[in-house]
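> Mind folding the following:
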Amino acid sequence: MVPINKPILGEEEKELVLKVLESGILTDPSMNGGPYVREFEKELAKFTGIKEAIVVNSGTSALQIALMALGIGPGDEVIVPSFTFVATANAVVLVGAKPIFVDIDLNTYNIDPNSFKKAINEKTKAVIPVDLYGLPVEMDEIKEIANDYGIVVIEDACQAQGARYKGKMAGTLGDIGCFSFYPGKVMTTGEGGAILTNDSELAEKMRMIRTHGQIKGYDSRILGGNFRMTEINAAIGIAQLKKLPKFLEKRAENAKILLELLENSKAILPKVPKYSIHNWYLFTIRLRNLEEREDLKNKLRENGIAATVYYPTPIHKLPYYSSIGYGELKLENSEIASETVLSLPVHPLVKKEDLEKMADIILKFIN
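Numbers count the residues shown, from 1 in each chain. Sure, this is the predicted structure:
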């Protein structure tokens with residue numbers, strides 16, 4: 001089976017992990033973290049062109065810490081797209097704020113600026129646009145609206161490491177950016193995440209939050225938790241970051257081949273604006289209806305291609321969110337996408353013959 005995504009680990013990662021084990025320093029509870037955490041942060045900031053990178057134990061933690069550092073909590077509202085992974089909304093609920101779900105643009109699967117603008121009221125403190133599937137959001141339009149209303153922009157770039165929008169790296173487009181390094185992403189630390197910002201004062205606060213609000217130790221000054229990245233995770237991240245450009249190059253090559261092979265398909269193919277660079281975390285097509293999508297997915301899986309649906313249910317329709325009053329919300333494009341999208345593997349381990357096989361199955365099935 002060709003998996004939808006797979007971590008690519010080599011001798012470089014093994015060597016650094018062994019060095020961590022030999023050092024005996026597996027984690028460091030100080031505000032600035034251990035030597036590998038500090039090194040990873042330095043390299044990540046350099047790679048993205050940002051002033052400050054704060055690495056943590058997950059992308060979800062990154063989002064939660066960003067909200068905590070901004071003082072967002074009970075009584076506040078945060079606007080989020082419903083068509084994405086549930087972590088984006090969960091982070092809002094975890095700080096006691098209220099997520100306000102808005103619709104997407106079906107051309108990009110990213111947040112619809114008009115839907116965002118209509119949802120703003122006096123309680124709105126932030127918006128979390130998501131760079132879904134690795135395509136950066138239309139951030140100029142989002143920021144213009146946010147600035148007009150005094151709203152903070154937290155970019156959920158958890159799927160978009162290495163992607164670019166008008167020359168700027170994903171994760172650096174808003175006031176704060178968040179990454180995930182889950183094993184299925186374009187690079188991994190095993191589990192992990194990062195927060196990016198040009199605000200040094202805010203960065204210091206977020207470093208405190210990730211280790212129980214401490215500065216020197218046993219001196220908690222603000223509310224925090226244990227959101228630390230381990231030294232082993234950071235070591236893996238250092239090695240992976242060096243490989244990321246090659247990973248992205250291969251993904252782009254595979255995506256280009258698949259786009260050409262499916263050019264005459266009746267499926268709706270991914271669209272990338274000329275000013276954006278997709279990282280091709282996921283190559284997502286859209287079918288005519290749920291039945292056609294499910295039939296094609298099953299056909300591909302029967303033939304060894306792990307085609308996967310991201311996401312079969314918009315967040316507002318998930319059992320938990322339905323139970324707290326969101327279930328009757330109507331977001332037409334989010335619901336259309338959830339019934340019709342299908343993601344295909346284009347990661348660096350996918351071979352040209354795999355792509356040809358996918359295209360052949362899709363063309364015969366649809367056309």
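
> pLDDT of the strand or helix carrying residue 251, averaged?
Element membership for residue 251 (DSSP states H and E) is helix 231-261. Helix 231-261 carries an average pLDDT of 98.

> elements contacting it?
helix 11-23, helix 35-48, strand 52-56, strand 283-286, helix 352-366 (3 or more CB pairs under 8 Å, 6 or more residues apart in numbering; DSSP states H and E). Heads up, the C-betas are built off the backbone N, CA and C, glycines and all.

> The residue sitting nearest the centre point of the chain sits in which helix or strand?
In the chain, the residue lying closest to the centroid (CA atoms, centre = their mean) is residue 158, at 2.0 Å. Secondary structure assignment for residue 158, by DSSP H and E: no helix or strand.

> Is the residue nearest to it when sequence neighbours are not counted bridged to anything, and to what?
Nearest residue to residue 158, sequence neighbours excluded (CB to CB, 6 or more residues apart in numbering): residue 180, at 3.6 Å. For residue 180, the beta-bridge partners are residue 193 (DSSP bridges).

> these two touch, right, residue 180 and residue 62?
Yes. The criterion here is CB atoms under 8 Å, and residue 180 meets it with residue 62 at 7.3 Å.

> Residue 47: what's it in contact with?
Going by CB atoms under 8 Å, 6 or more residues apart in numbering, residue 47 touches 169, 241, 244.

> So among those, which ones count as buried?
169, 241, 244 (16 or more other CB atoms under 10 Å).

> what's around the spatially closest residue to the first one that is not a sequence neighbour, how many residues?
The shortest distance from residue 169 to any non-neighbouring residue, by CB to CB, 6+ apart, is to residue 48 (4.6 Å). Residue neighbour count, defined by other CB atoms under 10 Å, stands at 22 for residue 48.

> now residue 48: how far from residue 156?
15 Å (CB to CB, to the nearest Å).

> give me phi/psi at the residue nearest to the centre of the chain?
Per-residue torsions, residue 158: phi -60, psi -20 (degrees, to the nearest 10).

> so it touches residue 186, yeah?
No. The criterion here is CB under 8 Å, and residue 158 misses it with residue 186 at 10.7 Å.

> ok now stretch 100-113, how far from the chain's centre?
15 Å (CA atoms, centre = their mean, to the nearest Å).

> Which stretch among the helices and strands packed on helix 231-261 is buried most, on average?
Burial of the helices and strands packed on helix 231-261 is given as mean neighbour count (mean count of other CB atoms under 10 Å); strand 52-56 ranks first at a mean of 26.

> can you pull out the strands in the chain?
52-56, 77-81, 98-102, 124-127, 152-156, 164-165, 168-169, 176-180, 193-197, 276-277, 283-286, 341-344 (DSSP state E).

> Please identify the buried residues of the second one?
Neighbour-count burial for strand 77-81, with 16+ other CB under 10 Å as criterion, is recorded at 77-81.

> repeat for stretch 222-234
The neighbour-count check on stretch 222-234 (16+ other CB under 10 Å) flags 224, 227-234 as buried.

> Which two among those residues are spaced furthest apart?
Greatest spatial distance among the buried residues of stretch 222-234 (CB to CB): 224 and 232, at 21.9 Å.

> and the protein, what are its domains?
Annotated domains of the chain cover 11-103+110-240, 245-366 [automatic domain parsing].

> how long is the longest one end to end?
In other words, domain 11-103+110-240. 11 Å (CA to CA, to the nearest Å).

> got it, and the last one?
Across its full length, domain 245-366 reaches 34 Å between end residues, using CA to CA.

> now that domain: how far from the chain's centre is it?
Relative to its chain's centre, domain 245-366 lies at 16 Å (CA atoms, centre = their mean).

> now residue 51, nearest residue through space, not along the chain?
Nearest residue to residue 51 in three dimensions, chain neighbours excluded: residue 198, at 4.4 Å (CB to CB, 6+ apart).

> Sorry, wrong one. I was asking about residue 97.
Computed as CB to CB, 6+ apart, the closest residue to residue 97 that is not its neighbour in sequence is residue 76, at 4.4 Å.

> Around that neighbour, count how many other residues there are.
18.

> right, and it touches residue 98 too?
Yes. Counting by CB under 8 Å, residue 76 touches residue 98, with 7.1 Å between them.

> Just give the nearest non-adjacent residue to residue 74, would you?
Closest to residue 74 by CB to CB, 6+ apart is residue 96, at 4.2 Å.

> For that neighbour, what are phi and psi?
The phi/psi pair for residue 96 (degrees, to the nearest 10) is phi 90, psi 0.

> how far away is it from residue 125?
Residue 96 is 12 Å from residue 125, by CB to CB.

> Compare the two (neighbour count), which wins?
residue 125 (19 against 13).

> So the more buried one sits against residue 152, correct?
Yes. Between residue 125 and residue 152 there is a contact at 6.6 Å, judged by CB under 8 Å.

> what is in contact with those two at once?
Taking CB under 8 Å, 6+ apart as the contact rule, residue 125 and residue 152 both touch residue 70.

> Chain neighbours aside, what residue packs nearest to residue 326?
residue 316 (4.1 Å).

> tally of neighbours for the one you found?
Residue 316 has 23 neighbours, counted by other CB under 10 Å.

> tell me the pLDDT at residue 366?
On pLDDT, residue 366 comes in at 89.
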